[in-house]
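Undergrad: fold the stuff below for me.
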Amino acid sequence: MVIHIRKHQIFERHGNDILNIIDISYSMACLGGEIEVSTITGGKVKMKIPSGAENGQIFRLKGNGIPYLGSYGRGDQLVKVNVRVPKKLSARQKELLQELARLEGEEVGASGRQFY
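TA: Residues are numbered from 1 along each chain as shown. Here you go, the predicted structure:
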């Protein structure tokens, strides 16, 4: 007998752990906050994002994975965050980011030089 398992749209299985990728905003990554995450049971759980979260960082939700076969317990749900960087900014957003760059001692903005 051959069993084929179809890929899920949201979750990726790694043994008894499952992984899903969640997009968060740049401001959420910097300041932290709380998001809702879908689970394999169809529910949602709240998850805290700490301030300073990095792109690609993985958070663990214990016991939200696949049940162990012939045993007690479950694997974990791993949530990988993808920090969205906006492609278009309003004038106010640009102004605020330029102010942040000045506070950090960085030179940013349109200098006319591009690398190809």
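
Undergrad: name all residues that make contact with the residue positioned nearest the centre of the chain.
TA: Note on the chain: the residue nearest the mean C-alpha position is V81, at 1.4 Å, using C-alpha atoms, centre = their mean. Applying C-beta atoms under 8 Å, 6 or more residues apart in numbering, we find V81 in contact with 21-24, 29, 49, 53-59. For every residue, glycine as well, the C-beta is placed using N, CA and C.

Undergrad: flag the shaky bits of this structure, pLDDT-wise.
TA: The chain contains residues with pLDDT under 70 at 110-116.

Undergrad: which stretches of it form strands?
TA: 12-14, 17-25, 33-38, 44-49, 58-61, 77-84 (DSSP state E).

Undergrad: quick one: the last one to strand 33-38, angle?
TA: Spelled out, that is strand 77-84. 120 degrees (axes from the mean of the first three to the mean of the last three C-alpha atoms, to 10 degrees).

Undergrad: strand 77-84 pairs with which strands, parallel or anti?
TA: Applying DSSP bridges to the sheet, strand 77-84 is found paired with strand 17-25 (parallel), strand 58-61 (antiparallel).

Undergrad: so that strand versus strand 44-49, what angle?
TA: 60 degrees.

Undergrad: from I5, how far out is A53?
TA: 31 Å (C-beta to C-beta, to the nearest Å).

Undergrad: among the two, which residue is more densely surrounded?
TA: A53 (19 against 6; other C-beta atoms under 10 Å).
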